[in-house]
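[1] No letters, just coordinates:
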């Protein structure tokens, strides 16, 4: 499998999250310590389940964004480490609940927690991590940061329900789909970025800039994730090519193919996605249709569009190492298609 | 079915939550409006699922406790209504997740949300309500109240995991079981009661009194619930007698019977609870053993013990209508065994 998508600007492989990792390395080591300590409990199953997911090699992009977004406005106290950890816990809780909702077997190339400890443990440990996330935010004591992150928690859940309702409905429009990923993915990126300037007491305009950066980076990130599912390399992705297809997920590449296709092709998509008849042969056919209608290329173009908005959001801000690292993250996200 | 438990003090049927309901009626009508409005969403499935449970006739004891606990210290602003609603949402979210974890079919005599909309919707709408609960707390703006309620959220989840691990283990000691219900049930009663004096700027001693009242009332409440499952009347209970038994739940009446029983009887409990061979005939036998070992009577005695502690916790406080209503709630809880 594996569709090689040629990238017009030839930047592929150059942009990386390396600069962001270097800039946040010291703070991230404290985040990592806090993750271990706050996922701890006398109830042994809690750290077992939590660490299974926590140690499974996510990039921890969201907490790094929080840390950089605080430091770029001169924040010098301790709260950003707790907020960054809260953001990662919110993300982890969402993944645990997502796997239950999607009935997923694999996540980042490892068996999901629900396959090992059961749905019950995944639901409850997710709840525990969410509770711990709120406790850390409360410790930081910024009502504005609490407002942003608790609002994000509601919106994420709302987005997940929207996705559940829209699931396996091929008539979903691109706009409806964007509303889903704006809630389910972009809201946390947005909150992660905005709480930085908030605790650093930056200006309204600076807060708005980071919020917009986060939202649009999140949208780009999700769209590329959607594209990778039909053309990525399983090793990089930590999931198998075609996972979304086999789970009957209606993502942007599918929406584009379905809308652009012939009546016969729409029948094919209905059988595969709505009626769950997705096997290896139909995956091959799906990838072929994606290529015919340039659905992957156009999904990436959509992602670029949001990446451009994210870039312009940061444009007026003073040049700092953090700003330049955050800009490079956009290119990294958009160009990570293999 | 139905074991009639004679109550020594003859108070049965006299104590009621009537006085608490009357005292909080005006505030509760605002809580009920807020429940409807904050369970609302453009995503239609959210209010559908939420209202299914919200409208199913819970007593709303927890939010009434919050309201009374604020008013008894002269609180005259608006925050208590939001905190009370948050408390009820935390409770509702827990019930939604509980039903998924327990694979329950009935709750308060109605089909559970998971039976109608599926586990997915129950998990996600629970997450949404929890997010909304935190948003309302943040709106109130009391960091101390946020601290108390977010800590409770973690502890509740921890208690649920403890129960999951202890589930179907008949060697669970009474102490271990108390630790579970202290976390899973009493923590929310405790937080509901404590945030009242907190936003009313009451003294440390007054906060501690309400916290202790809530904890011990919660323990008594749960133990009576456990007793009712083996001797209650399904109509009052909103669940069927023997639900806990059929689900293989190790509750205090079972723990007492198991520890006091013969080797043969222990075999019976193992078959019924641990190996899931609980049918109507074995339920009848179980109720017989409960009677032989006075397991229901002693579970009620344990509940009375915690009720007494709750009563003494409030003793030093000034006499107010709220205090007297909260004291009557203890008798109501302890005497609601039919």
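    Cool, got the structure. For clarity, every value in this text was computed on a predicted model and none was experimentally measured.
[2] centroid residue for chain A?
    In chain A, the centroid-proximal residue (CA atoms, centre = their mean) is residue A:185; its distance is 5.1 Å.
[3] Could you tell me the end-to-end distance of stretch A:266-284?
    End-to-end span of stretch A:266-284 (CA to CA, to the nearest Å): 16 Å.
[4] Just the buried residues of that stretch, please?
    For stretch A:266-284, burial by neighbour count (16 or more other CB atoms under 10 Å in any protein chain shown) applies to A:268, A:269, A:272, A:273, A:278, A:282, A:283. For the C-beta atoms, the positions are set from N, CA and C on the backbone; glycine is no exception.
[5] Residues contacting that stretch, please?
    Contact with stretch A:266-284 is made by A:1, A:168-170, A:241-242, A:245-246, A:248-250, A:254, A:257-258, A:261, A:285-286, A:289, as judged by CB atoms under 8 Å, 6 or more residues apart in numbering or on different chains.
[6] that older thread, quick check, nearest of the buried residues of stretch A:266-284 to chain B?
    The closest of those to chain B turns out to be residue A:273 (CB to the nearest CB; 17.2 Å).
[7] Nearest residue to that closest one in space, please, no chain neighbours.
    Nearest non-adjacent residue to residue A:273, counting by CB to CB, 6 or more residues apart in numbering or on different chains: residue A:248, 4.9 Å away.
[8] so is the one you found in a helix, a strand, or just coil?
    coil (DSSP: H, G, I helix; E, B strand; the rest coil).
[9] Distance check, it against residue A:62.
    Going from residue A:248 to residue A:62 by CB to CB, to the nearest Å gives 27 Å.
[10] Could you do residue A:281 as well?
    Distance, residue A:281 to residue A:62, using CB to CB: 38 Å.
[11] before we move on, what about residue A:203?
    From residue A:203 to residue A:62 the distance is 23 Å (CB to CB).
[12] got the contact list for the residue nearest to the centre of chain A?
    Residues in contact with residue A:185, defined by CB under 8 Å, 6+ apart, are A:159, A:218, A:219, A:221, A:222.
[13] Within reach of chain B, which of those are there?
    Among these, no residue lies close to chain B (CB under 8 Å from any CB of the partner chain).
[14] now the helix or strand hosting residue A:211: mean pLDDT?
    Element membership for residue A:211, per DSSP states H and E: helix A:204-231. Helix A:204-231 carries an average pLDDT of 95.
[15] Also stretch A:87-96?
    Here stretch A:87-96 scores 95 as its mean pLDDT.
[16] Okay, buried residues for that stretch please.
    For stretch A:87-96, the buried set under the neighbour-count rule, 16+ other CB under 10 Å, comprises A:87, A:88, A:89, A:90, A:91, A:92, A:93, A:94, A:95, A:96.
[17] Output those residues in a markdown table; the columns should cover secondary structure.
    Converted to a markdown table, the buried residues of stretch A:87-96 look like this (three-state DSSP):
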| residue | secondary structure |
| --- | --- |
| A:87 | helix |
| A:88 | helix |
| A:89 | helix |
| A:90 | helix |
| A:91 | helix |
| A:92 | helix |
| A:93 | helix |
| A:94 | helix |
| A:95 | helix |
| A:96 | helix |
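[18] Export those residues as CSV, with columns for distance to chain B.
    CSV is the format used below for the buried residues of stretch A:87-96 (distance: CB to the nearest CB, whole Å):
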residue, distance to chain B
A:87, 14
A:88, 16
A:89, 11
A:90, 10
A:91, 13
A:92, 13
A:93, 8
A:94, 8
A:95, 12
A:96, 10
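[19] Any part of the one helix or strand residue A:24 maps to near chain B?
    Element membership for residue A:24, per DSSP H and E: helix A:18-38. No: shown here: helix A:18-38 not in contact with chain B (CB under 8 Å from any CB), separated by at least 9.3 Å.
[20] Mind giving me the packing neighbours of that helix?
    helix A:45-54, helix A:61-71, helix A:79-102, helix A:113-140, helix A:321-334 (3 or more CB pairs under 8 Å, 6 or more residues apart in numbering or on different chains; DSSP states H and E).
[21] Now do the fourth one: distance to the chain's middle.
    The one in question is helix A:113-140. Distance of helix A:113-140 from its chain centroid, counting by CA atoms, centre = their mean, to the nearest Å, is 18 Å.
[22] just checking, what packs against it?
    helix A:18-38, helix A:45-54, helix A:79-102, helix A:143-166, helix B:79-102, helix B:113-140, helix B:143-166.
[23] I'd like to know which of those helices lies nearest to residue A:311.
    helix A:18-38 (14.9 Å; CB to CB).
[24] Pull the residues that contact that closest one.
    Contacts of helix A:18-38 (CB under 8 Å, 6+ apart): A:51, A:54, A:60, A:63-65, A:67-68, A:71, A:80-82, A:84-85, A:88-89, A:132, A:135-136, A:321-322, A:324-326, A:328-329.
[25] Identify the residue of the stretch 201-338 of chain A closest to chain B, quick one.
    Counting by CB to the nearest CB, the stretch 201-338 of chain A gets nearest to chain B through residue A:247 (12.4 Å).
[26] give me every residue that touches that residue.
    Contacts of residue A:247 (CB under 8 Å, 6+ apart): A:102, A:103, A:104.
[27] Which other helices and strands does the helix or strand where residue A:308 lies contact?
    Counting by DSSP H and E, the element that carries residue A:308 is helix A:295-314. Under the contact criterion of 3+ CB pairs under 8 Å, 6+ apart, helix A:295-314 touches helix A:204-231, helix A:252-260, helix A:321-334.
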